[in-house]
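S.K.: sequence and predicted model, in that order:
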Amino acid sequence: MAEQRDTVGLVAGTSDSTPLKFSVAVGPDAYLQLDDVVTTERVVPGVGPVRTSGVVTQVVARHEGASFGSDAFLIADGVLPAITQEIAEVTTTRVDPEVYVPPLPGVAATRATGAQRDRALYFDSMDKKVVVGLGRDGAPVYVNLDFLDGTRGAHVSISGISGVATKTSFALFLLHSLFASKVLRERALSAKALIFAVKGEDLMFLDKPNAKLDDSMRAQYARLGLPATPFDSVQFFAPPTPGDTTGRPHVAGRTSGVDAFWWTLAEFCQKELLPYVFADAEDDRNQYTLVIHQVAAQLRREAKAAGVDGAVSIGGTQLRTYAELVEFIADRLQDDTTKADWAGAATTAGSVNAFIRRLRSSLKALGPIIRGDLASRPGQRQVSTANSRVTVVDLHNLPDRAQRFVVGVVLRAETEAKERAGAGGLLFTMLDELNKHAPREGNSPIKEVLLDIAERGRSLGIILIGAQQTASEVERRIVSNSSIRIVGRLDPAEAGRPEYGFLPTSQRQRATLAKPGAMFVAQPELPVPLAVEFPFPAWATRQSEMAPESSGPINIMSRMARDADPAPF
């Protein structure tokens, strides 16, 4: 009887019905909307019942019996006989058992709910599933953790218009879903997140409850099986305030709980960080790039630490600021007696001048974060994910060039740390404006780091969650290595790019109209992306949203350690 109540129509015979796509004539007292899950069944001789399930990807309504547009008025007046018919196009998601026969015209089609819906969308076969929001039917939508944690795939690509697609908000919700549920099981305590904040101080309050969260919003979290709480165990880093010799972090809204980060001149020389100064995408044919590595190697050989504040001594000259180091390098390159050692014997004057010109242009951007005049205290200055569940690195006060330097150096350090530690832990790395850090054209050290993470990060346990306005401008190998692809509101021109070929035509059109909070989620096990809406953030996204704390947020890490259970979420 329950299945009879869910009957929405019959498989239509006016268009071809195939195992991969079929149409449903909607009954007069029923309806189907985009994203509804539909199932139908036929008996195959020698096999038995074969159930074909799918997602509605288009719905059309027409007057059957009308020939002209103006016939609508005659039909409305009762002069011309005709009936209104709705036809829903259904794209197959699952055939059970896998006997690929077309649904037969005239067979009843039902709206799948409960266990039927889970089977149609493969949720029943996901041993470890991560909830990513609510479907249009109000039921939870999941992605398979195996395609997130490196077991069968890894990495997430999120695309959409800035300010409308809510890419960052969705990425944070995904992290909240991972950390606040039991889905990570035994890997929960070793899983961490590294977040680069590039747009304002919106991410500097992740550990504070959101004052705008009301009961209806909390009910959404409850339907998803998640607590409506902020992030727990969060540490924040920000660059030092320019011109301040105390190392005070450069933040405005948050006055406590933030550490400043910078690199000493000694580290800059010994770790050969010079290539990351030239993090703009460059043509490999530019000869000055050869000078970069020659100078970096020379700095590593000759620079000696001079004092506890990170200053260096090179050839008896003590250097305490980045500007002094830059001018020292320029002098050595322009001195005929030292040029061969610092630039290479065959390097032309044009290449040397190009290098010096670009190096000097980095003074304003990198001077505040490459220092030899600030004394650090234990636990400060080093950006590290070792001491907390979530690490936020605030970059919004830095110029683009400095942002790229920080991202490249931090990711290189974390990759090296993961290689030393071996397999086991997970590091979810969230990076916005991926098209700026790994553009399609040109090469740069930061792009090489991101490519390395995309291509072998899953074996190290480093998962990239990249967000960008235009996936068409991101290095193809990074996007193609992303198992989970998510799309929010798109510009119409961008929606037509081949990078979005995984979206059906109707979803491409809908993506140009999507409202904030609505996303299309594609994953390997499903041929059709699923439309989801995720709840309002339970954490403050700006200082004005901070709610007064009475008993403090729930300690998620402690709760997960206490509730660790091998049962799937």
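M.R.: Cool, got the structure.
S.K.: pLDDT below threshold where in the stretch 301-450 of the chain?
M.R.: Counting by pLDDT under 70, the ranges of the stretch 301-450 of the chain that qualify are 376-380.
S.K.: all the strands of it, in order from the start?
M.R.: 304-305, 312-314, 317-319, 370-371, 390-394, 426-431 (DSSP state E, counting those that start in this stretch).
S.K.: deepest-packed of the ones you listed, please.
M.R.: strand 370-371 (a mean of 26; mean count of other C-beta atoms under 10 Å). (Glycine included, C-beta is placed from N, CA and C.)
S.K.: counting by contacts, list what that one packs against.
M.R.: strand 263-264, helix 265-270, helix 322-334 (3 or more C-beta pairs under 8 Å, 6 or more residues apart in numbering; DSSP states H and E).
S.K.: quickly run through the sheet partners of the first one, with directions.
M.R.: Sheet pairing of strand 263-264 (DSSP bridges) gives strand 370-371 (parallel).
S.K.: just put the helices and strands packed on strand 370-371 in TSV and tack on distance to residue 42 and mean neighbour count.
M.R.: Shown next, in TSV, are the helices and strands packed on strand 370-371 (distance: least, C-beta to C-beta, whole Å; neighbours: other C-beta atoms under 10 Å):
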stretch	distance to residue 42	mean neighbour count
strand 263-264	67	22
helix 265-270	68	22
helix 322-334	73	19
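S.K.: coming back round to it: with distance to residue 92 added, can I get the strands of the stretch 301-450 of the chain in a markdown table?
M.R.: Formatted as a markdown table, the strands of the stretch 301-450 of the chain follow (distance: least, C-beta to C-beta, whole Å):
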| stretch | distance to residue 92 |
| --- | --- |
| strand 304-305 | 65 |
| strand 312-314 | 65 |
| strand 317-319 | 67 |
| strand 370-371 | 57 |
| strand 390-394 | 40 |
| strand 426-431 | 33 |
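S.K.: between these, which gets nearest to residue 290?
M.R.: Set against residue 290 and scored by C-beta to C-beta, the strands of the stretch 301-450 of the chain come closest in strand 312-314, at 21.1 Å.
S.K.: roughly how far is that closest one from the heart of the chain?
M.R.: 41 Å (C-alpha atoms, centre = their mean, to the nearest Å).
S.K.: over to stretch 296-312?
M.R.: Centre-to-centre, stretch 296-312 and its host chain are 37 Å apart (C-alpha atoms, centre = their mean).
S.K.: ends of it, what's the gap?
M.R.: By C-alpha to C-alpha, to the nearest Å, the extent of stretch 296-312 from end to end equals 14 Å.
S.K.: okay, buried residues for that stretch please.
M.R.: Within stretch 296-312, the residues that qualify as buried are 296, 298-299, 303, 305-306, 309-312, counting by 16 or more other C-beta atoms under 10 Å.
S.K.: of those, closest to residue 545?
M.R.: Out of these, the member with the shortest distance to residue 545 (by C-beta to C-beta) is residue 310, at 37.7 Å.
S.K.: which stretch among the helices and strands packed on strand 370-371 comes nearest residue 508?
M.R.: That would be strand 263-264 among the helices and strands packed on strand 370-371, by C-beta to C-beta, at 44.1 Å.
S.K.: and the protein, what are its domains?
M.R.: 2-125, 129-260+378-563, 263-371 (automatic domain parsing).
S.K.: nearest to residue 276, out of the strands of the stretch 301-450 of the chain?
M.R.: Among the strands of the stretch 301-450 of the chain, strand 370-371 sits nearest to residue 276 (C-beta to C-beta), with 10.3 Å.
S.K.: if anything else comes up later, I'll come back, but that's it for now.
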